[in-house]
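**Q** The following comprises the amino acid sequence and a computationally predicted model.
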Amino acid sequence: MNETPDLPGAVQLRAGDALLVVDLQRDFLPGGALAVPDGDRVVPLLQRYLARFERTGLPIVFTRDWHPPDHVSFSVRGGPWPPHCVAGTPGAAFAPGLRLPASAQLCSKASRPDAEAYSGFEGTELAARLRSQGVRRLFVGGLATDYCVKATVLDALREGFEVLLLADAVRAVNLHPGDGARAEQAMTQAGARPIRFEQLAGEGA
Ligand code: VGL
Ligand code: ZN
């Protein structure tokens, strides 16, 4: 029995949980090709979540935006974005200082020239891979709240996963002011529950 008095609304990690870190890549950090304001602020927070999931022996998946050089989302092809996260380039590498657990699984997405895929579930085997590991509940954080985090969370819910949004470990592009807040609202309305690190029951990291 766990006798520790936890915070109200505390979340106890258990079998069937997994951590999904979305697009924590250099091009989305300050100084990158498609910088998310304060994007670097989520790195130490996600490091704490990562340590906790690693220690608990739960699955950890990193999605990454992994575009070909002529991706349809790039401005040269009439898309909304400057070239970013081109597969194999430094901009597509994970955030500096991020320590990937040995058990971490990668999920590359949006790697076909003519299709955009904000969601980690789009055009990948992610849902099947998670199910085959017995995952039922996903803890999702990373970049950016108003694009890839939102699309990934909404797809996860559609796929039947329970979703906890790591509200302290996401940041938005906010191309239009309020986009991030609206995205969080859309995710919550669809059934995701926002949590902060302090709500995780138990000790440490
Ligand atoms: C993303 C814009 C373009 C994201 C990816 O990871 O949120 N945003 N490509
Ligand atoms: Zn992209």
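**A** The structure has been received and is ready for your questions. Ligands and ions are numbered 1, 2, ... in the order given.
**Q** Straight-line length of stretch 61-70, end to end?
**A** 26 Å (C-alpha to C-alpha, to the nearest Å).
**Q** Does at least one residue of it sit close to ligand 1?
**A** Yes: interface with ligand 1: stretch 61-70 contributes D65 (C-beta under 6 Å from any ligand atom). Just so you know, the C-beta spots here come from the backbone N, C-alpha and C atoms, and that holds for glycine as well.
**Q** Also stretch 106-114?
**A** No: Stretch 106-114 stays clear of ligand 1 (C-beta under 6 Å from any ligand atom), getting no nearer than 6.9 Å.
**Q** Tell me the buried residues in that stretch?
**A** Neighbour-count burial for stretch 106-114 flags 107-111 (criterion: 16 or more other C-beta atoms under 10 Å).
**Q** where exactly do the strands run in this protein?
**A** Remark: strands assigned in the chain by DSSP state E are 17-22, 60-65, 105-109, 137-143, 162-171, 193-195.
**Q** how about TSV for those strands, with mean pLDDT added?
**A** Converted to TSV, the strands of the chain look like this (pLDDT from 0 to 100):
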stretch	mean pLDDT
strand 17-22	98
strand 60-65	98
strand 105-109	98
strand 137-143	98
strand 162-171	98
strand 193-195	97
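**Q** Next, format these as a markdown table and append distance to P83.
**A** Formatted as a markdown table, the strands of the chain follow (distance: least, C-beta to C-beta, whole Å):
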| stretch | distance to P83 |
| --- | --- |
| strand 17-22 | 20 |
| strand 60-65 | 11 |
| strand 105-109 | 17 |
| strand 137-143 | 17 |
| strand 162-171 | 21 |
| strand 193-195 | 32 |
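**Q** Indicate which one of the ones you listed is closest to V76.
**A** strand 60-65 (16.7 Å; C-beta to C-beta).
**Q** okay, the angle between the closest one and strand 17-22?
**A** 20 degrees (axes from the mean of the first three to the mean of the last three C-alpha atoms, to 10 degrees).
**Q** For the remainder of this discussion, apply numbering that starts at 43.
**A** With 43 as the first residue, the last one maps to strand 102-107.
**Q** List the buried residues of strand 102-107.
**A** 102-107.
**Q** what's the spacing between the one residue sitting closest to the centre of the chain and ligand 1?
**A** Nearest to the mean C-alpha position of the chain, counting by C-alpha atoms, centre = their mean, stands V64 at 2.3 Å. Per C-beta to the nearest ligand atom, to the nearest Å, V64 is found 6 Å from ligand 1.
**Q** Run through the residues of this protein sitting next to ligand 1.
**A** 65, 70, 76, 107, 115, 123, 185-186, 189-190.
**Q** Determine which two of those are furthest apart.
**A** S115 and L185, at 15.3 Å, using C-beta to C-beta across these.
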